[in-house]
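*Asks:* below are the sequence and a predicted model; questions follow.
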Amino acid sequence: MTGGQAGFPGPGGHEMITGRSGVAAALGKLTRHPRAGQRTGRASGSRLPEVAVRLGTALLVIWLLIGAFAANQRHYLSGPISTCTKAGTIAVTILAGPLNYLGVNPKVDCKTPTPSQ
């Protein structure tokens, strides 16, 4: 089997289809191997979604770290987290992130029902 024939592995182990006949051509699976310096048809911003996801993830992590730092400065993280109110306040303070430094002071007041006797 020679690489480069229709239906057989070509360079790099990828199947090359050289003609417009057959099922693959009907499905639009023609493979072109560009010559050196030739454009591949990819948009120059084809990595844009990947970059956006990485940037969004980095911003989210930084946002949450700033919120955790604010919760620590308010001494919410010292001592045991024994009540629903304290746990909720810590959670919303971390979620508020940098907004804590713009005057937002989130607090949660939750009341858990007491068991009946």
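*Replies:* All right, it came through fine. Because the structure is predicted, anything quoted here is derived from the model rather than measured.
*Asks:* looking at the chain, which helix or strand is least sure?
*Replies:* helix 23-26 (a mean of 52; mean pLDDT, DSSP states H and E).
*Asks:* give me the residues contacting stretch 84-100.
*Replies:* By CB atoms under 8 Å, 6 or more residues apart in numbering, the residues outside stretch 84-100 that reach it are 63-64, 66-68, 70-71, 74, 76-77, 81, 104, 106-112. For glycine as for every other residue, the C-beta is placed from the backbone atoms N, C-alpha and C.
*Asks:* now, of the residues you listed, which are buried?
*Replies:* Neighbour counting by 16 or more other CB atoms under 10 Å classes 63, 66-68, 70-71, 76, 106 among these as buried.
*Asks:* quick one: buried residues of stretch 88-104?
*Replies:* 88-94, 96-97, 99-100.
*Asks:* out of the residues you listed, which one sits closest to residue 50?
*Replies:* residue 97 (24.3 Å; CB to CB).
*Asks:* now that closest one: how far from residue 64?
*Replies:* Applying CB to CB, to the nearest Å, the value for residue 97 to residue 64 is 6 Å.
*Asks:* could you write out the alpha-carbon coordinates of stretch 75-82 in CSV?
*Replies:* Listed next in CSV are the C-alpha coordinates belonging to stretch 75-82 (Å, rounded to 0.1, in the frame of the first residue of the first chain):
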residue,chain,number,x,y,z
HIS,A,75,-11.8,37.7,60.0
TYR,A,76,-14.7,35.5,58.7
LEU,A,77,-12.3,32.6,58.2
SER,A,78,-10.9,32.6,61.8
GLY,A,79,-12.5,30.1,64.1
PRO,A,80,-15.0,27.4,63.4
ILE,A,81,-17.7,27.7,60.8
SER,A,82,-20.5,26.5,63.1
